[in-house]
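Participant: Sequence and computational prediction follow.
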Amino acid sequence: MRKTLLLGALAAAALACAPHAAGAQGMDERCSKIVDALCVDVTVGQCFRKNDIWDYIPQKCTGDVQSMVEMDREARQQQRDDRRRDKVSERRSEGPSFSCGGVLRSRPSMNASKVASVAEGQQFDSVEDAGVWFNEYKWYRVRYGDVEGYQWGGIFWTQGGREGTIPSCNG
């Protein structure tokens, strides 16, 4: 029953489109609509890891879908490479980071549970941007010794400056 309903939805999606190429890649727009209907909450690459999903793809769309899966894989690899390169660049351009005291949290949130207290002047061994802003400062995942958690950029500083942190403990 589920398969019949899904096939009906896919057929409707395919018929709703004009039979012309989609996007700069020259792919059939009907094939793109079918993939969109199948892969609602996941990436194309994740969606087509399940072998049975291919049963819903018309034979004429197989090549286009394989191209979409490969483009998704390549885009994700490029994002990983970019993040890795950004982290290396960030580590090279900034000096050591020091806490102005405060609390390390389990997550990047003022409401998250306390992991540890941090003394003023404590130097961090590593600092990684958590990608979360709060009151004009960023949250960072930090580590010193065997202690790891999140500290808000409003209570630590980095020699040479770091986006989303204070310039020093003294203002």
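Facilitator: Good, I have the coordinates. Numbering: from 1, shown residues only.

Participant: Go ahead and measure how far the lengthiest helix in the chain is from the middle of the chain.
Facilitator: In the chain, taking DSSP state H as the definition, the longest helix is helix 62-93. Chain-centre distance of helix 62-93: 11 Å, with C-alpha atoms, centre = their mean, to the nearest Å.

Participant: Can you mark which positions in stretch 35-54 are buried?
Facilitator: Within stretch 35-54, the residues scored as buried using 16 or more other C-beta atoms under 10 Å are 35, 37-39, 44-45, 47-48. The C-beta positions use only the backbone N, C-alpha and C, and glycine is treated the same way.

Participant: measure that stretch end to end?
Facilitator: 10 Å (C-alpha to C-alpha, to the nearest Å).

Participant: Likewise for stretch 53-73?
Facilitator: End to end - C-alpha to C-alpha - stretch 53-73 spans 17 Å.

Participant: residue ranges with poor pLDDT in the chain?
Facilitator: Along the chain, the model assigns pLDDT under 70 to residues 1-25, 86-93, 171.

Participant: Okay, V40 and Q46: tell me how far apart.
Facilitator: 11 Å (C-beta to C-beta, to the nearest Å).

Participant: Let me fix that, I meant to ask about G102.
Facilitator: Relative to Q46, and taking C-beta to C-beta, G102 is found at 39 Å.

Participant: neighbours of the residue nearest to I57 when sequence neighbours are not counted, just the number please.
Facilitator: Counting by C-beta to C-beta, 6 or more residues apart in numbering, I57 lies nearest to V65, which is 5.5 Å off, once chain neighbours are set aside. For V65, the count of nearby residues is 24 (other C-beta atoms under 10 Å).

Participant: Surely V65 is in contact with C31?
Facilitator: Yes. With contact defined as C-beta atoms under 8 Å, V65 reaches C31; the gap is 6.4 Å.

Participant: where do the contact lists of these two overlap?
Facilitator: Residues touching both V65 and C31 by C-beta atoms under 8 Å, 6 or more residues apart in numbering: I57.

Participant: Where do the strands of the protein begin and end?
Facilitator: Using DSSP state E, the strands found in the chain span residues 21-22, 27-28, 97-105, 114-124, 126-134, 137-144, 147-152, 156-158.

Participant: Ok, which of those strands comes nearest Q79?
Facilitator: Taking C-beta to C-beta, strand 126-134 is the member of those nearest to Q79, at 13.1 Å.
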